[in-house]
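Undergrad: Build me a model from this:
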Amino acid sequence: MRSPKALIADDERLMREQLRGRLAAAWPELQVVAEARNGAEALTLFEQQGPELAFLDIRMPAPNGLEVAAKIAGRCHIVFVTAYEAHAVEAFERGAVDYLMKPVDPDRLAVTITRLKQRMQAPPDLDRLASILSTIQLEGGPATNRLRWIQATIGNQLRIIAIDEILFFQATDKYTRVVMQGGEALIRKPLKELLDELDPDQFWQIHRSTIVNVRAVANVSRDIQGRLSVSIKGIPERLEVSRGYAHLFKSL
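TA: Okay, the predicted model is just below:
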């Protein structure tokens, strides 16, 4: 069986070197095929090298480790490396991903390696990773119950999408359409459930079939009959505002 490949992503060179050295000592068969200094490099190197494992610093420069994990979810097994997120340890312990505290302790690394070898016998657990990502916030303290990530179907793939990336949700016959810059996806969660979980300061229902990300609204216009519609940044589509929701835009 071929040796597994790994990616290390951390903005601190000494931390990358320490982890690489301890992995070499504890798991000599593992090949560290790429090292990244930030999230953008991590995503590029991941696509180039296709590693089975990714060791991601949570607080590295954008995108951070949680955002990188969401983008590569389901395609490799993930270990978060952190110096700060002690409140997230319980979430990590529930499985699917693991964590390492900085500086990396050899005994703790041995436990992680044992877990990884067991998990690599099966595909990465996308459902549990999505659940874990939803429990973690970088600001510290307990996570809120607001929705932060969703699982969505894009073509033949299932992806985890950060809520902040979404421009609007729109109900269809059987699914809810999720529109982002450069693409869209489908989910089965109805708008009513989404409303209960989304941040009401960021996401407004403007029609019985539409929820919009307020940060994505470019402008609001009124036609000669007095009907409102909103324009969304970066896309040509305009969204109708029902009369019952027109009051939301009186202050804009």
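Undergrad: Would you check that His77 makes contact with Ala122?
TA: No - between His77 and Ala122 there is no contact under Cβ atoms under 8 Å: 9.6 Å. (Glycine included, C-beta is placed from N, CA and C.)
Undergrad: Quick check on these two: which one has the bigger neighbour count.
TA: Shown here are His77 and Ala122; by other Cβ atoms under 10 Å, His77 has more neighbours (22 against 8).
Undergrad: How much space separates the more buried one from Leu228?
TA: Taking Cβ to Cβ, to the nearest Å as the measure, His77 falls 48 Å from Leu228.
Undergrad: now swap in Gln121 and tell me
TA: For Gln121 relative to Leu228 (Cβ to Cβ), the value is 55 Å.
Undergrad: and these two? which has more neighbours close in?
TA: Leu228 (18 against 6).
Undergrad: dump the residue contacts of the residue nearest to that one when sequence neighbours are not counted.
TA: Nearest residue to Leu228 in three dimensions, chain neighbours excluded: Val241, at 3.8 Å (Cβ to Cβ, 6 or more residues apart in numbering). Val241 makes contact with Ile206, His207, Val220, Arg227, Leu228, Ser229, Val230, Leu248, Phe249, according to Cβ atoms under 8 Å, 6 or more residues apart in numbering.
Undergrad: Now compare the residues you listed and name the two farthest from each other.
TA: Arg227 and Leu248 (14.3 Å; Cβ to Cβ).
Undergrad: follow-up on the earlier one: would you write a PyMOL line that selects the buried entries of the contacts of Val241?
TA: To isolate the buried members of these in PyMOL, using 16 or more other Cβ atoms under 10 Å:
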select buried, resi 206+207+228+229+230+248+249
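Undergrad: what about the helices in the stretch 1-150 of the chain?
TA: Using DSSP state H, counting those that start in this stretch, the helices found in the stretch 1-150 of the chain span residues 13-26, 39-49, 65-72, 89-93, 106-119, 126-133.
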